[in-house]
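Enquirer: Sequence first, then the predicted structure:
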Amino acid sequence: MTKGRLEAFSDGVIAIIITIMVLEMKVPHGSRLDDLAPLLPVFLSYVLSFVYVGIYWNNHHHMLHTCTAVTGTILWANLHLLFWLSLFPFTTGWMGENHFTAVPTALYGVVLLMAAIAYYLLQQAIIRAQGQDSILKRAIGRDWKGKLSPVLYVVAIVATLRSSWIAQAVFVIAALIWLIPDRRIEKRFAV
């Protein structure tokens with residue numbers, strides 16, 4: 001399989017994930033602005049998940065840009081990541097519909113944690129295939145964002161025992177860390 005085919009497949013799956021998430025937002029019954037109020041938790045959970053999916057799509061794009069050959073291990077690691085991302089619509093909808101209560105919020109955190117682990121495994125599969133001197137290995141360096149994110153997700157999952165709002169704040173902080181443009185890979189290609 002070529003890298004282009006892997007990218008196209010992944011982009012298609014991610015586009016479908018975003019589409020499914022937006023379709024979970026049901027049109028309110030009524031034509032007044034007040035009729036939108038009950039949808040606010042669903043909308044907020046959608047925004048958070050849209051940002052996360054966008055972060056994964058962006059970083060996935062950059063990571064695959066460094067890939068020179070696709071191996072079977074890379075294919076399976078990529079599918080593993082897409083599996084966890086494909087659960088975003090379910091956990092997003094459940095969390096929003098239940099106004100960020102503890103159990104749906106904790107499950108959302110578990111899916112975020114598993115997606116982060118899957119991303120890491122894909123990253124490692126690419127590095128193993130390309131060697132320790134690969135562009136990706138040099139670009140990620142110590143990867144403090146990649147190491148901090150799973151820790152934040154575990155903190156958020158545990159925080160749901162006390163307050164799901166604390167967990168939500170941690171999810172937002174983790175997303176904000178990744179929203180700051182990460183130019184490590186771009187810098188390596190510029191050298």
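Expert: Everything's here; your move. This one's a predicted model, so the numbers in the text were calculated from it and none came from an experiment.

Enquirer: Which positions in stretch 127-141 come out as buried?
Expert: 127, 129-130, 134-140 (16 or more other Cβ atoms under 10 Å). Glycine gets a C-beta too; all of them are placed from N, C-alpha and C.

Enquirer: What of stretch 92-112?
Expert: In terms of neighbour count (16+ other Cβ under 10 Å), stretch 92-112 has its buried residues at 92-98, 100, 104-112.

Enquirer: what about it, how long is it end to end?
Expert: Stretch 92-112 stretches 11 Å from its first residue to its last (Cα to Cα, to the nearest Å).

Enquirer: mean confidence for that stretch?
Expert: Taken as a whole, stretch 92-112 has an average pLDDT of 97.

Enquirer: Distance from the chain centre to that stretch, please.
Expert: When C-alpha coordinates are averaged (Cα atoms, centre = their mean, to the nearest Å), stretch 92-112 and its chain have centres 15 Å apart.

Enquirer: Can you tell me what sits against it?
Expert: When contacts are defined by Cβ atoms under 8 Å, 6 or more residues apart in numbering, stretch 92-112 is touched by residues 21, 24, 41-46, 48-49, 52, 84, 87-88, 91, 153-154, 156-157, 160-161, 164-165, 167-168, 171, 174.

Enquirer: Buried ones from those residues, can you make that a ChimeraX selection?
Expert: Command for ChimeraX that selects the buried part of the contacts of stretch 92-112, burial taken from 16+ other Cβ under 10 Å:
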select :21,24,41,42,45,46,48,49,52,84,87,88,91,153,156,157,160,164,167,168,171,174
